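Asker: just to be clear, the model below is a prediction. Sequence and coordinates:
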Amino acid sequence: MEKPSSENVSALKQTLGKHLPELAAQSQAVPVSGSPILQQLMSTIVQRRENPSETSYTSRLLLGGDAKIGEKITEEAAEVVDAATKLTLRNSGADCGHLSEKEGQRPHLIYESADLLYHLWVILAHHGVQVQEVEEELARRFGISGLDEKASRDASPEG
């Protein structure tokens, strides 16, 4: 797969960043603390960080630091967008003869999303960020309009 341009990556980051608070604000769901599988995944990644193994893919990523992990996150994010685009195409009734059997199928989007979440968890573990901290930030955004949340970030010194 061709590496996405920095322009595409920036657009993806902007899109993801602006829609998450909006979706949370529209949701009637109550934030649930601690998905057991996501907690377990983080625990395993932290174990690999603390006890690296030559045969562990996670250990190799962690040793590669931000550059290697970031490269994988960029690649996986592009694959999620590609899978979603192909799913939309298949659902539109368009000619999908050029797609493989798995492309454009919901399970493929889920598979690629799991890859992205895994690599995101790796970079968080690399920096010692805990799942609970991310959950707290998401919970903070519930009930806040995505536009209001973005405006508050633009006005802050951290921007």
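Answerer: The structure has been received and is ready for your questions. In this text the structure is predicted, and so the values were computed from the model without any measurement.
Asker: what does the pLDDT read for residue 86?
Answerer: You'll see residue 86 listed with a pLDDT of 88.
Asker: element containing it?
Answerer: Using DSSP states H and E, residue 86 falls within helix 57-91.
Asker: please identify the buried residues of that helix?
Answerer: Residues of helix 57-91 classed as buried by neighbour count (16 or more other C-beta atoms under 10 Å): 58-59, 61-62, 68-69, 72-74, 76-84, 86-87, 89-90. All C-beta atoms are positioned from the backbone trio N, CA, C, and that covers glycine.
Asker: same check on stretch 115-129?
Answerer: Buried-residue list, stretch 115-129, by 16+ other C-beta under 10 Å: 115-116, 118-126.
Asker: residues in contact with that stretch?
Answerer: 38, 41-42, 45-46, 49, 58, 61-62, 65-66, 69-70, 72-73, 76-77, 79-80, 130-131, 134 (C-beta atoms under 8 Å, 6 or more residues apart in numbering).
Asker: next SSE after the helix holding residue 86?
Answerer: helix 106-126.
Asker: picking up where we left off before, helices or strands next to the helix holding residue 86 in the packing?
Answerer: Under the contact criterion of 3 or more C-beta pairs under 8 Å, 6 or more residues apart in numbering; DSSP states H and E, helix 57-91 touches helix 6-26, helix 36-50, helix 106-126.
Asker: roughly how far does residue 83 sit from residue 65?
Answerer: 27 Å (C-beta to C-beta, to the nearest Å).
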